[in-house]
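> Predicted model, plus sequence, below.
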There are 6 protein chains.
Amino acid sequence: MSERRLLVVGAHSADFVWRAAGTVAAHTAAGGRALVVALSYGERGESGELWKQEGQTEENVKRIRHEEATKAAAAVGAEFQAFDLGDYPLHATQESVDRLAELMRDVAPHVVLTHPERDPFNPDHPVAHAMVARARLLSSGAGVASGFRTAPPSEFLVFEPHQPELCGFTPSVYVDITPVFDRKADAMRCMAAQQYLREYYTQRADQRGNHARKVTGDPAIRQAEAFQRLLPNVVGAL
Amino acid sequence: MSERRLLVVGAHSADFVWRAAGTVAAHTAAGGRALVVALSYGERGESGELWKQEGQTEENVKRIRHEEATKAAAAVGAEFQAFDLGDYPLHATQESVDRLAELMRDVAPHVVLTHPERDPFNPDHPVAHAMVARARLLSSGAGVASGFRTAPPSEFLVFEPHQPELCGFTPSVYVDITPVFDRKADAMRCMAAQQYLREYYTQRADQRGNHARKVTGDPAIRQAEAFQRLLPNVVGAL
Amino acid sequence: MSERRLLVVGAHSADFVWRAAGTVAAHTAAGGRALVVALSYGERGESGELWKQEGQTEENVKRIRHEEATKAAAAVGAEFQAFDLGDYPLHATQESVDRLAELMRDVAPHVVLTHPERDPFNPDHPVAHAMVARARLLSSGAGVASGFRTAPPSEFLVFEPHQPELCGFTPSVYVDITPVFDRKADAMRCMAAQQYLREYYTQRADQRGNHARKVTGDPAIRQAEAFQRLLPNVVGAL
Amino acid sequence: MSERRLLVVGAHSADFVWRAAGTVAAHTAAGGRALVVALSYGERGESGELWKQEGQTEENVKRIRHEEATKAAAAVGAEFQAFDLGDYPLHATQESVDRLAELMRDVAPHVVLTHPERDPFNPDHPVAHAMVARARLLSSGAGVASGFRTAPPSEFLVFEPHQPELCGFTPSVYVDITPVFDRKADAMRCMAAQQYLREYYTQRADQRGNHARKVTGDPAIRQAEAFQRLLPNVVGAL
Amino acid sequence: MSERRLLVVGAHSADFVWRAAGTVAAHTAAGGRALVVALSYGERGESGELWKQEGQTEENVKRIRHEEATKAAAAVGAEFQAFDLGDYPLHATQESVDRLAELMRDVAPHVVLTHPERDPFNPDHPVAHAMVARARLLSSGAGVASGFRTAPPSEFLVFEPHQPELCGFTPSVYVDITPVFDRKADAMRCMAAQQYLREYYTQRADQRGNHARKVTGDPAIRQAEAFQRLLPNVVGAL
Amino acid sequence: MSERRLLVVGAHSADFVWRAAGTVAAHTAAGGRALVVALSYGERGESGELWKQEGQTEENVKRIRHEEATKAAAAVGAEFQAFDLGDYPLHATQESVDRLAELMRDVAPHVVLTHPERDPFNPDHPVAHAMVARARLLSSGAGVASGFRTAPPSEFLVFEPHQPELCGFTPSVYVDITPVFDRKADAMRCMAAQQYLREYYTQRADQRGNHARKVTGDPAIRQAEAFQRLLPNVVGAL
């Protein structure tokens, strides 16, 4: 049987780290392949620390962000690829949607993760969601034979946004990341320009771990990540 | 490792057949144990065919319904138990909720299935939902040590109602029942008093199978049943 | 063909006047029969003007409210019946639900109107809704032959509450009451104890008339009442 | 009085057949006029059977699809018109929205039917919805005199999508298509390239018929189609 | 401490008058500064009275609408600025969003008011909402240091649309405009081309005043305007 | 002017500490009066640590819980009162609702805080909500003169539940508790039997502080508590 493939698409190069790095690590630890795509580097809106350096340039910010994200992805066993479409604002052109759809046809992921559809605190996250949702449909067709190359439809989930209730995010699955949490911690350390987020997301992993313990009664769970499925999944038994 | 236990609670004795018998069969085929509880026999509201017989009595209707449900449960490998609380209307007394909670402490099910919270076409289904939801919480406590006997919290899902969109039912998991569909067909044949539902739910299984094929791209799926999870489930990987 | 029957159930004796009297008038003007049921007289919570009279008694308040409601109903061609179950709080006993269900079996209404399910400003309106919804289901059975007497299922709508958006009320049908608005005005004048509501609901009828004009483009509509259907209606063509 | 005009707009040329052909037939049988507009032929995404033929060309697929849709429309008494805007993806340009708005000003439909706003299984259906919703508003103005030619506002409904609960579709009206179901069957037979959908939508019509029977208690209803009104309708009585 | 700044953005030049002029007046009466931005003049869709004059031109309509809005703004102590982007349809180009974002960076408003996200009766209001929401995020950044000039994030509320329940509008704050209602009345009188709306919105202010009285029990409130907060507000105490 | 009165009602004696103690402290620090009512002691479901002591009795658990809650309330300047209605399950009798309503008539609170309406993890929280909502309406009447003693309607908010998204909780106001956080910390230390919650809710206060910083851009905010208003509040200006 072939390996299980996971595709994570973030609006900015660090998004996957805070929200899904544990799940990526669990996936690759189990022998799966993971690819992280960043639609932009977050070079304007989310690299404030870097811009405090005198003489900073956009090109240099992007270079640093590329290195950081590549290292963080490697820490959880994933490849990293950047589309470099620009941030604040990120624009969804048909060309970039097609590029993403073509990548999906090539990778044929079993699972796709991205931002939720809404985020009243970020102009780029909803654009990223729309691009991924659209590319996913264009790459998989209508579920019947089509006049173009398709990949099988993937499972489609969104990861946790910063203020979940205000983004319409309701978790439907908790991934237990206890066994791989140190790898997520490694990945978070790679994002030098946003170290203020490390404590926040370390606490968040603890809280989601607490939630997962309450749901299962299993005291062994310490850290978790929360996701919302956008489509039913199909199983052989409950 | 111990067997996986499934508890299905219906307002009336035939409810589990149409909506969950395939999933029960898949569960027992995989070595799990399944218990079906009927809160009432549906003796007044859902046994119209039986009441067409002259001289029919409530006691006799209940006896026939008990036999049918026991056979249907056996057809999918499950035990059947009746609470005989009366239908149209079914009443939720604290005593009957406690009885259900005590049963849950004894059985300690991994998964609980019942009706959705709302049903504008049936007075008893929402009552059954409320009883099960309440008994489930009373039997599992607050997720910490308690001053009373508890069972671990179970997964909690609702099965498909008759007119799903009008009951606020949004499927979040499709169970592929293709390999066991003949056993569901056997169970449906046991409900002699409601044979007009057999064709309806056979078609419905086909349609949910079609939906599950579209979601996965897997042409081997022919029949499915739809459920909605009310709580996140916890997994080790996506 | 037999006459079309409309049943309006309010928590308090005046509720039907402000929210549905125009629709009742349109119904009876077209040859239909209308019955208004008040579950209570609103004698404690909605008769403040009467309680300002020295030596006022509950019995006297009820008597006055009965007379007013009977006159208001007559003004729009309807009969009035009071259950006198008490207000603030109104309680839903099984006995009173059964009484309402029995009345529904006798009347066999084609259309039932009552309060919405939620009202954060009134303790009795949601109780009335629950009673009506339950009685309606108990009187009509599961849509198949039953072990008890049934009436055909009725259309089921809720009328407009005082602060609609906060009650989850979304209008799905506007009834043009322009031709019968003077009869609604007559009915409103009968409720001497709540004259401060006349201006409010006269303006409201104008505004709903404005909304109905915008929806249709028909300049002849001057006044309307808004309702929300809780169940699909069945038609022969759109 | 002038004839009643119905406009059905689908993203692809076959959409109207599965979801609304019965309602079109009922409309024309009652003396109304019906126009079907297809924004694309579904030539890439929904013509898989045709692409299995060696040497197939897009032009030929479109030609076949045009013929099929024209015949299917004729089977239910409607005209067919294609915008040929391309599918997978369908794009909503201002020019095509204007073209649709201009058509609406010319036809001045009483009722407009199209896809729901959301469809997580199809990239083109939501685009079609947005085009129709926008064109409808641009053609009817603000309900007051405007600086451009307008048509009266039409009733606006969406037809049933493939997986209704996942598209946010809640039926608010069932059209009884029992008397014209054979004409819908004829229309479905015209769509040779998608014969696998015939059984699915025949069963679906039966199930919606079952739902409409439960809602009304009328045993004469055998087949129905489900729609959701997006705006209140205005009536003279309930 | 610096003055408190309010920014109101309407799709058409008169929108602010009907829905927010009282709140603007209360704001400026308390010493705050208010700026009204109209994205278009509503010259095509909402100036029907003006177009009834023979020989009317778009340029003249715009000139009259500019004068009226300037006077109405002055009546409530506000400045008026027009973007003149065209109406029916209003288009959201990146250039105009950037212009609005730049204005927000300059003004640094504490509070921003605009239309709700949805309006099934108006093609331009949702476009205006999307522009304002996007410009607001682009002007304030991610709440951390950014590679571009930012203004602090503002409170963000939407004002009441014409048919609130159908626009998903749920009021979360009522502004008591009793002390300044005469100024709102003055502003409404300035909009000569839409005098038919004066009575409607005068009644609406009364009704919202009634709602605010019911919420607080304060009999001194006579008129109010309703708003919905889109984001939590932060307070030092409840 | 009279003092501002805050009433917090929890299902169990410790609920107010974790979710609202900071807001209580801010309220009393500003000169307001605060009363905490516990409907039960949580003696069975939330006192697991105490039950680990050999020979423990329910009476002794209640005594300890009463002392802890009284101290915790005192730490934030509030009085504590227990209804001792029993937990797991808490029952809402008419008598206890009347007792709560009578207390509300006596206290005449300006603000009432309690649990959200739904909580799929706790059987008692929704019961407490329903009791408070009902008592609040019964104590304040219909906003007009009534035939019984009333208090003015209070502001009504719910505090944050354990897993907010799954309880339908969407924050609409953040209270900045930075200046009084040490008092909340004191209160949390009083609850010796649930010390495992201290870290959880200390982190939660930090995260809500982070959210409040993002909403305002104010770096001085360190800790906050989140609430959802159930009714609009009335203000003199935005």
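Arrived safely.
> For chain A, just list every one of the strands.
Ranges of strands within chain A are A:5-10, A:33-38, A:79-82, A:111-114, A:155-159, A:173-176, A:224-229, A:233-235, based on DSSP state E.
> Direction included, what does the first one pair against?
It stands for strand A:5-10. Applying DSSP bridges, strand A:5-10 is found paired with strand A:33-38 (parallel), strand A:111-114 (parallel).
> And the ones you listed: which comes nearest residue F:227?
The minimum distance between residue F:227 and the strands paired with strand A:5-10 falls on strand A:111-114, with 30.8 Å, by Cβ to Cβ. Every C-beta, even on glycine, is put in place using the N, C-alpha and C of the backbone.
> contacting residues for residue A:35?
A:5, A:6, A:7, A:8, A:78, A:79, A:81, A:107, A:109 (Cβ atoms under 8 Å, 6 or more residues apart in numbering or on different chains).
> And residue A:228, how far from residue A:173?
8 Å (Cβ to Cβ, to the nearest Å).
> Would you mind listing the residues touching both of the two?
Common neighbours of residue A:228 and residue A:173 (criterion: Cβ under 8 Å, 6+ apart): residue A:157.
> shouldn't residue A:49 be in contact with residue A:197?
No: Residue A:49 is beyond contact range of residue A:197, at 10.9 Å (criterion: Cβ atoms under 8 Å).
> Which one's more surrounded, those two?
residue A:197 (19 against 15; other Cβ atoms under 10 Å in any protein chain shown).
> ok, now which ones touch that one?
Counting by Cβ under 8 Å, 6+ apart, residue A:197 has contacts A:18, A:188, A:191.
> for those residues, which one is nearest chain D?
residue A:18 (25.6 Å; Cβ to the nearest Cβ).
> which residue packs closest to the closest one, ignoring adjacent ones?
residue A:201 (4.5 Å; Cβ to Cβ, 6 or more residues apart in numbering or on different chains).
> Repeat that for residue A:162.
residue A:121 (6.2 Å).
> do residue A:231 as well
Nearest one to residue A:231, counting by Cβ to Cβ, 6+ apart, is residue A:156 at 5.3 Å.
> distance of the one you found from residue B:69?
39 Å.
> higher neighbour count, those two?
Counted by other Cβ under 10 Å, residue A:156 and residue B:69 do not tie: residue B:69 has more neighbours, with 28 against 21.
> Dihedrals phi and psi, the closest residue to residue A:205 other than its chain neighbours?
The shortest distance from residue A:205 to any non-neighbouring residue, by Cβ to Cβ, 6+ apart, is to residue A:223 (4.0 Å). Residue A:223 adopts backbone torsions of phi -130, psi 150, taken as degrees, to the nearest 10.
> what stretches of chain A score poorly on pLDDT?
Along chain A, the parts satisfying pLDDT under 70 run over A:1-2, A:142-144.
> for it, which helix is longest?
If you go by DSSP state H, chain A has its longest helix at helix A:196-216.
> one step back: which ones are touching the residue nearest to residue A:231?
Contacts of residue A:156 by Cβ under 8 Å, 6+ apart are A:111, A:112, A:133, A:136, A:229, A:230, A:231, D:120.
> No further queries at this time; thank you.
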